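Chemist: just need the structure, nothing else, for what follows:
(2 chains)
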Amino acid sequence: MAASLVEVHIRINGSSTTTEVEPRQLLVQHLREDHHLRGTHVGCDTSNCGACTVLLDGKAVKSCTVLAVQADGREVETVESLAAPDGTLNQLQEGFRFEHGLQCGFCTPGMLMACTSLLANNPDPSELEIRQSLEGNLCRCTGYEMIVRSVRWAAEHRAGREGEK
Amino acid sequence: MSVLGTSVRRIEDPRLLRGEGQYVDSLTDPLLDGSVRAHFVRSFLAHGQILGIDTSEALSMPGVTAVFTSADVDLVPAAPGGAGAPESMARPWLPAERVRFVGEPVAMVLAETSAQAADAAEMVFVDVDPLDPVVGIVAGLSDETLLFPAAGTNRNSRMDGGWDRFGPDRADDDSPLFEGCDLVVRRTIINQRLAGVSIEGRASAAVFLDGHLTQWISSQHAHGARSQIARAHGLSEEQLRVIVGDVGGGFGPKINPSPEDVLVGWAAGKVGRPVRWAETRSENLTSQSQGRAQLQHVAIGGTRDGRVLAFELDIRQDSGAYPLLGSSLPFFTRRMAGGPYDIERIRTRAESVVTNTVPIEAYRGAGRPEATAAIERAMDLFALEIDMDPAEVRRRNLIPAFDEPFKTDSGAVYDCGDFDSALRAVLAASDYEDWREKQRFRRENQWRRVLGVGVCTYVEITGSGPATEFARVVVTAGDDGSVTAELFTGASPHGQGLHTALAMIASETLGIPIGQIRVSHGDTSTVPSGGGTMGSRSLQMGGSAIRGAARDVLAMAKQAAAEELEAPIDDIEVCEDPPGLFRADTPERIVPWARILELASDAGLTESDTALPTLSVEDVYSTDGATYPFGAHVAVVEVDLDTGEVVLLKLFAGDDAGRILNPMLAEGQRHGGIAQGVSQALFESVLYDDQGNPITSTLADYAVPSAADLPDWDLVAMETPTPMNPLGAKGIGESGTIGSTPAVQSAVVDAVSHLGIDHMDMPLTSFRVWSALADPRSDISRKG
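Modeler: Next up is the predicted model:
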């Protein structure tokens, strides 16, 4: 029953890692269990909720739908990579705080990573573009409008940090 | 300037935004080192006799520590959860004889890893002899198949099905209910079963050491969990510490600990190792308690000039497989039957019935949305029958503005309200007449995409009293002359932003900046009692309690500072910058908190066992009654007559929750509440097939809306402070859900009312609307 382990090399939040994993292990399990990166959450088992969204080589993926072995030789960024080492929030995180884009906070890490990917591809998205691009991330608390505003806030405050804290 | 009434940003946010939330499955507490993981084996049949459970193969699987069945469980049996339910209907921790719903846990596997536990659970063989499944309220009421033969019936509550009139002097009133009515309209309405779907499912972690159990649980009510878990174990409350950290959404189903949660603590004792459990979404959608699930018969009578004289509400509540909190939901529905209307005669009755489905408990609104949906549908049907605008019919029947308690004929005592102003404000904000004009235009010009406008006026119950709430406020001086405050609350927030709200209240009272205030909740070792967060109670109860304790601290501080300031206590005022006290006529001389605490220490007012001077006050706030938020919603929808597709174009919401402490937090509660209410109207429904198999057991099947499915909301501001608490605040957590559902449902029906359709049950999916359009007289909307 015990499958042989496979060595994977994944660059996670800027650090190189080498780990032996079960071939069936999901990337989200790998991040949470092997690297104790517990900010990436699991909210479903059918790839619907998006709470586990991370960046894989810069693109947003649901880490419950990627095997750890598929991430071998690639780069993963999680919510823990967003703030500065001293804990200072980045512009997107500030946007969520300023526009009340989170309540219970459980979907938030996935939302932030999906929005990071969105803003990287489209620095000035319209409300409709934001709503459509977040279709794969469910939030049960906010009703989404304040998340949309949070992303707009981040887009509008990209140049400087003049926004109110 | 007062901080109250301003949109202070949340103190909860930074760590949540950094991914540092302390959700149960993310905990790294060293006490949990060496944990085993739990996985539950669940029933695949809705109803059946258990012949045997073979655990031998599972026990030989890699990493498996233990497999438990009902034969192993030596917990104290639970009492039935419903009011007045027969003893024989008590839910077992694990069933020994019978399974009663698909998803019911029947065995528990512990293994070194989650994957090993899940693998081994596949190898537990449960031999079940199928029994006829009881699916749906009507099947349950027939008593043809009994879930609990010893009870002799599937009916399970003290409500005996008899008619009740609650109003004053009504006991001997046997005059016909509909006397004097020109017409009576009757209809059967389904308020469908919904799932809470907090994005974090249920989760627990537990460690048993030296006869003491420590349990972390994703819960809305740490102290309720403590008393229920302690009772199950036969432990005193001192032997049990419950810790509720961050909770990834509640919405009602996390009020009570589930059997799985209780078994996690029990298993930790059995195997002598910490145990952790987090359910999967499929488990969540097939075994966490659900909500709503009422079959309602309404009858409304009145005069042709639009006056409603009498209303009758007959409720059949699906309790699911075991009578829990849900079997009592009709209590609230009945009390709120008349809504915001001045109806002379109301009578209601209710029965609750067990069926082979997931047990019903609270879901956002819990009994009140069902009441609002019933009376609002009835008002619409009445309006249609007398050919009067639905907004106008409502205006002719609303209780006039009142600031003294108003008792309704269904037994509710509303604190204060101005329902007509709420409706007028929302009608004006929505350009109601303009939408009606557009609707007429499209109809006259034979558009295939028609418009519908729905109106809802509502009143609901929050902070249901009599009730109490605990608070402790601790002000401490640092070595460096700084001051900090720590607040302890018995409320149990899980996204509401209560830490921020409480910090605002304490800051306002004491002058200590919000950044120097810390809030703690949910740990029964530091908070002795608490009412948790449910029924929109946290701010009015928890906030009033913190306010009281903070004022007591201030009184002690003034007493301590009086001599130094050479001022009578009444002349001493609070300074915010720097935080301290001053004499009213000499504002330039401020005694900082650090000095006040020293003085208090000298005067023997401080706690002597702390290293730093500390003023600490505990307070238990109590209230006699509930508060009744109210409001009005208007929804505008577009319906495609060829496909049945519904698009929600606009939703205007006026929700009066008394005085608003933090507009941003209140807006967040309304937004999320409206989204869930809209979703009941348009998308969500827990469904079973005729064998009791759940067919909405994943998020691919159960339609939680995404950002792309919902529009922006138009919020209308209104504040009518309540005299029931010192904050003037009513609850805001559930109002949006209660007001939006009937408005949207009404709008969709309104869109097609010119085609002979006067009612469609929720959710109003394309298929349901298309089916009704295909044959307006068909009953297809009831079969989905």
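Chemist: residue in chain A nearest to chain B?
Modeler: Closest to chain B within chain A is residue A:39: 2.1 Å, counting by Cβ to the nearest Cβ. (C-beta placed from N, C-alpha, C; glycine too.)
Chemist: so which elements touch the longest helix along chain B?
Modeler: Longest helix in chain B, counting residues (DSSP state H): helix B:544-565. For helix B:544-565, the packing partners by 3 or more Cβ pairs under 8 Å, 6 or more residues apart in numbering or on different chains; DSSP states H and E come out as strand B:467-477, strand B:483-489, helix B:498-510, strand B:572-576, strand B:579-583, strand B:586-592, helix B:593-602, strand B:614-623.
Chemist: list the buried ones in it?
Modeler: B:544-554, B:556-562, B:565 (16 or more other Cβ atoms under 10 Å in any protein chain shown).
Chemist: hang on, the earlier thing: assign the residue nearest to the residue of chain A closest to chain B when sequence neighbours are not counted to helix, strand or coil.
Modeler: With sequence-adjacent residues excluded and distances taken as Cβ to Cβ, 6 or more residues apart in numbering or on different chains, residue A:39 is closest to residue B:19, at 2.1 Å. With DSSP: H, G, I helix; E, B strand; the rest coil as the basis, residue B:19 sits in coil.
Chemist: so what does residue B:19 look like in phi/psi?
Modeler: When quoted as degrees, to the nearest 10, the phi and psi of residue B:19 stand at phi 80, psi 20.
Chemist: count of neighbours near it?
Modeler: 23 (other Cβ atoms under 10 Å in any protein chain shown).
Chemist: burial measure for residue 88, as a count.
Modeler: Going with chain A. 12.
Chemist: that answer is for a different chain, and I need it for chain B
Modeler: When neighbours are counted by other Cβ under 10 Å, residue B:88 comes out with 13.
Chemist: ok, back up a step: now mean pLDDT, mean neighbour count and distance to chain A too, for the helices and strands packed on helix B:544-565, in JSON lines please.
Modeler: JSON lines is the format used below for the helices and strands packed on helix B:544-565 (pLDDT from 0 to 100; neighbours: other Cβ atoms under 10 Å in any protein chain shown; distance: least, Cβ to the nearest Cβ, whole Å):
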{"stretch": "strand B:467-477", "mean pLDDT": "96", "mean neighbour count": "23", "distance to chain A": "21"}
{"stretch": "strand B:483-489", "mean pLDDT": "97", "mean neighbour count": "23", "distance to chain A": "17"}
{"stretch": "helix B:498-510", "mean pLDDT": "98", "mean neighbour count": "25", "distance to chain A": "10"}
{"stretch": "strand B:572-576", "mean pLDDT": "95", "mean neighbour count": "17", "distance to chain A": "19"}
{"stretch": "strand B:579-583", "mean pLDDT": "95", "mean neighbour count": "22", "distance to chain A": "20"}
{"stretch": "strand B:586-592", "mean pLDDT": "93", "mean neighbour count": "14", "distance to chain A": "25"}
{"stretch": "helix B:593-602", "mean pLDDT": "92", "mean neighbour count": "22", "distance to chain A": "25"}
{"stretch": "strand B:614-623", "mean pLDDT": "95", "mean neighbour count": "19", "distance to chain A": "25"}
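Chemist: okay, the ones you listed in TSV with distance to residue B:69 next?
Modeler: Listed next are those as TSV, based on distance: least, Cβ to Cβ, whole Å:
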stretch	distance to residue B:69
strand B:467-477	39
strand B:483-489	40
helix B:498-510	41
strand B:572-576	61
strand B:579-583	60
strand B:586-592	64
helix B:593-602	58
strand B:614-623	43
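Chemist: who wins for proximity to residue B:703 among these?
Modeler: helix B:498-510 (29.8 Å; Cβ to Cβ).
Chemist: and the next helix or strand past that closest one?
Modeler: strand B:517-521 (DSSP states H and E).
Chemist: given that following strand, what are its sheet partners and their directions?
Modeler: Using DSSP bridges, the strands paired with strand B:517-521 are strand B:483-489 (parallel).
Chemist: mind listing what the helix or strand hosting residue B:299 pairs with, with the direction of each?
Modeler: Per DSSP H and E, residue B:299 falls inside strand B:291-302. Paired neighbours of strand B:291-302 in the sheet (DSSP bridges): strand B:183-194 (antiparallel), strand B:308-320 (antiparallel).
Chemist: just say helix, strand or coil for the residue positioned nearest the centre of chain A.
Modeler: Nearest to the mean C-alpha position of chain A, counting by Cα atoms, centre = their mean, stands residue A:113 at 2.8 Å. With three-state DSSP as the basis, residue A:113 sits in helix.
Chemist: give me the pLDDT value at it.
Modeler: Per-residue pLDDT puts residue A:113 at 98.
Chemist: so how far is residue B:279 from it?
Modeler: 24 Å (Cβ to Cβ, to the nearest Å).
Chemist: same thing with residue B:265?
Modeler: With Cβ to Cβ as the criterion, residue B:265 and residue B:279 are 16 Å apart.
Chemist: give me the domain ranges for chain B.
Modeler: B:13-131+B:202-247+B:254-287, B:291-462+B:626-782, B:467-623 (automatic domain parsing).
Chemist: tell me the most buried of the ones you listed?
Modeler: domain B:291-462+B:626-782 (a mean of 22; mean count of other Cβ atoms under 10 Å in any protein chain shown).
Chemist: could you tell me the angle between the strand or helix carrying residue B:374 and strand B:291-302?
Modeler: Using DSSP H and E, residue B:374 maps to helix B:368-386. With axes from the mean of the first three to the mean of the last three Cα atoms, to 10 degrees applied, the angle from helix B:368-386 to strand B:291-302 works out at 30 degrees.
Chemist: what would the domains of chain B look like in TSV with distance to residue B:154?
Modeler: Formatted as TSV, the domains of chain B follow (distance: least, Cβ to Cβ, whole Å):
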stretch	distance to residue B:154
domain B:13-131+B:202-247+B:254-287	9
domain B:291-462+B:626-782	5
domain B:467-623	28
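Chemist: doesn't residue B:67 belong to a strand?
Modeler: Yes: judged by three-state DSSP, residue B:67 forms part of a strand.
Chemist: residues in contact with whichever residue of the stretch 251-400 of chain B sits closest to chain A?
Modeler: The nearest approach of the stretch 251-400 of chain B to chain A comes at residue B:281, 3.8 Å away (Cβ to the nearest Cβ). Residue B:281 sits next to A:43-46, A:48-49, B:201, B:698-699 when contact means Cβ atoms under 8 Å, 6 or more residues apart in numbering or on different chains.
Chemist: ok, now with 7 Å
Modeler: Applying Cβ atoms under 7 Å, 6 or more residues apart in numbering or on different chains to residue B:281 gives the contacts A:43-46, B:201, B:698-699.
Chemist: how about residue A:112?
Modeler: By Cβ under 7 Å, 6+ apart, the residues touching residue A:112 are A:79, A:82, A:92-93, A:96.
Chemist: just checking: which of the residues you listed also lie near chain B?
Modeler: Subset of those in contact with chain B: A:79, A:93, A:96, counting by Cβ under 7 Å from any Cβ of the partner chain.
Chemist: ok, now which ones touch the first one?
Modeler: Under the criterion of Cβ under 7 Å, 6+ apart, the contact partners of residue A:79 comprise A:39-40, A:109, A:112-113, B:19.
Chemist: low-confidence bits of chain A, can you list those?
Modeler: Low-confidence segments of chain A, defined by pLDDT under 70: A:1-3, A:159-165.
Chemist: next: chain B.
Modeler: Within chain B, the segments meeting pLDDT under 70 span B:82, B:158-162, B:165-175, B:608-610, B:777-784.
Chemist: indicate the residue of the stretch 101-250 of chain B located nearest to chain A.
Modeler: Closest contact between the stretch 101-250 of chain B and chain A, by Cβ to the nearest Cβ, is at residue B:248 (2.9 Å).
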